[in-house]
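Engineer: Predicted model and sequence below, questions to follow.
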Amino acid sequence: MKSSNEMKCKECGGVLVVSDYGELVCSNCGLIVDVVYKSPLFEIEPLSDFTASSKVYVNPDGKPIRSDGLGSIILRCKGQFKDHRGTILDYKRFSKLKSVNDLCLKFNLNKTKINALNVLNRVCSLLHIPRSVYERACYLYLKAFKQSRDAGSSYLIAAASLIIAARELKYPLTLSEVSDSFMKIGHRVILRSLSKAISMILKDLNLEYRVPNPQNYIPKIISKLRANYRVRRLLDDYEVDYQEYFLLLERESYKILNFMDERFKAGKNPYLLAVSIVYVSDKIVSKKLGLKPLLSQKLLSIYLGSTEYTIRHHSKSILRMIRGVLES
């Protein structure tokens with residue numbers, strides 16, 4: 001409260017003061033006499049260099065004109081960041097928050113969208129997904145959020161958008177990986193619901209349904225086996241060179257894929273089929289090296305997220321198809 005000895009109340013003769021809300025109030029009876037428009041707290045630099053006289057001010061009560069975004073205001077003033085009271089903010093700490101705030105204002109994102117995009121960013125970080133896939137997933141999510149609201153929750157739509165983006169850019173990503181990552185963060189994404197959401201979004205956005213190729217998953221599977229301690233331990237016991245073994249394993253896997261007919265791939269999970277191909281390739285490589293097979297069905301089922309029944313069923317069909325390769 002600011003006192004003003006020059007003015008007195010006409011009703012009781014009390015001293016008039018200016019309140020924090022910009023009103024001229026009697027300090028004795030509380031009567032509001034008039035509204036005083038306080039000067040702006042600080043001045044913002046011109047929006048362009050063409051009209052140096054045009055300047056922008058905050059509201060007289062200190063509140064910014066723009067009330068959306070992240071619920072606050074961060075303004076760039078003469079190369080510095082300032083809040084709505086004119087306090088200088090640390091540039092390094094608030095630069096990222098400023099970019100997020102500008103993004104929210106640009107796309108008019110509400111809280112639900114922002115939370116889902118943040119979770120999508122965390123999932124992509126956990127799975128080490130490339131930036132191009134992440135950006136495409138964000139774009140699809142913003143479109144699907146408007147046109148496919150019946151697909152499920154915002155997090156389910158975000159997960160489905162990530163799968164669609166990965167398939168478009170031919171990045172090896174499975175539904176189980178995405179579902180498990182969302183579950184780790186604390187958001188329930190069921191595989192069956194995820195599959196339905198993907199189909200609905202593809203239909204609503206008029207996108208082409210792209211079936212993943214098992215060829216895209218082979219490098220990822222072999223990379224996981226390279227990093228597996230148990231596999232490396234087996235290679236040490238057999239005194240087999242790591243680089244030679246995995247190079248032969250990848251080469252034989254691609255050879256088996258070339259033998260396969262497209263009709264054989266139809267209707268099969270491409271990731272599980274790729275795991276079975278690597279299992280059969282290990283048999284061929286081990287025979288060439290004069291060793292027993294290193295990779296068992298149980299080991300692959302535990303570390304690669306498959307099932308022993310699926311590997312056994314697919315491997316029998318693959319072995320019948322390439323019987324001549326094993327005999328040579």
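Structural biologist: Alright, I've got the coordinates.
Engineer: What does the pLDDT read for residue 40?
Structural biologist: We note a pLDDT of 44 for residue 40 in this prediction.
Engineer: okay, now the domains of the chain?
Structural biologist: Following the assignment in automatic domain parsing, the chain carries domains at 2-35, 43-107, 111-204, 214-327.
Engineer: Out of those, indicate the one that is most buried.
Structural biologist: Among the domains of the chain, ranked by average contacts under mean count of other Cβ atoms under 10 Å, first place goes to domain 111-204 (a mean of 18). No exception for glycine: its C-beta is placed from N, CA and C like everyone else's.
Engineer: next one: it to chain centre, how far?
Structural biologist: 7 Å (Cα atoms, centre = their mean, to the nearest Å).
Engineer: which SSE is residue 28 in?
Structural biologist: Residue 28 is part of no helix or strand when elements are defined by DSSP states H and E.
Engineer: Report the separation between it and residue 12.
Structural biologist: Distance of residue 28 to residue 12, computed by Cβ to Cβ, to the nearest Å: 5 Å.
Engineer: How about residue 174?
Structural biologist: Remark: distance between residue 174 and residue 12 (Cβ to Cβ) = 78 Å.
Engineer: Equivalent analysis for residue 23, please.
Structural biologist: In this view, residue 23 and residue 12 are 17 Å apart by Cβ to Cβ.
Engineer: repeat for residue 141
Structural biologist: Computed as Cβ to Cβ, the residue 141 to residue 12 distance reads 62 Å.
Engineer: And the strands in the stretch 51-200 of the chain?
Structural biologist: Under the criterion DSSP state E, counting those that start in this stretch, the stretch 51-200 of the chain contains strands at 56-57, 75-77, 80-82, 88-89.
Engineer: Name the residues that touch the helix or strand residue 273 falls within?
Structural biologist: Per DSSP H and E: residue 273 is located in helix 270-288. In this structure, residues lying in contact with helix 270-288 by Cβ atoms under 8 Å, 6 or more residues apart in numbering are 172, 174, 211-218, 221-222, 225, 245, 248-249, 252-253, 256-257, 265, 292-295, 297, 300, 304, 306-307, 310-311, 314-315, 318-319, 322, 325-326.
Engineer: How about stretch 148-156?
Structural biologist: Contacts for stretch 148-156 (Cβ under 8 Å, 6+ apart): 112-113, 115-116, 119, 144-145, 157, 160, 182, 187, 189, 193-194, 196-197, 200-201, 204-205.
Engineer: Now, those residues that are in helices?
Structural biologist: Mapping the contacts of stretch 148-156 onto helices (DSSP state H) picks out 112-113, 115-116, 119, 144-145, 157, 160, 182, 193-194, 196-197, 200-201, 204.
Engineer: hmm, back to that, need the domains of the chain in a markdown table with mean pLDDT, can you?
Structural biologist: Converted to a markdown table, the domains of the chain look like this (pLDDT from 0 to 100):
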| stretch | mean pLDDT |
| --- | --- |
| domain 2-35 | 71 |
| domain 43-107 | 55 |
| domain 111-204 | 89 |
| domain 214-327 | 86 |
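Engineer: Any figure for the gap between the closest residue in space to residue 126 that isn't next to it in sequence and residue 163?
Structural biologist: Leaving aside its chain neighbours, residue 126 sits nearest to residue 181 (5.1 Å; criterion: Cβ to Cβ, 6 or more residues apart in numbering). Distance, residue 181 to residue 163, by Cβ to Cβ: 12 Å.
Engineer: same deal with residue 294?
Structural biologist: Going from residue 294 to residue 163 by Cβ to Cβ gives 32 Å.
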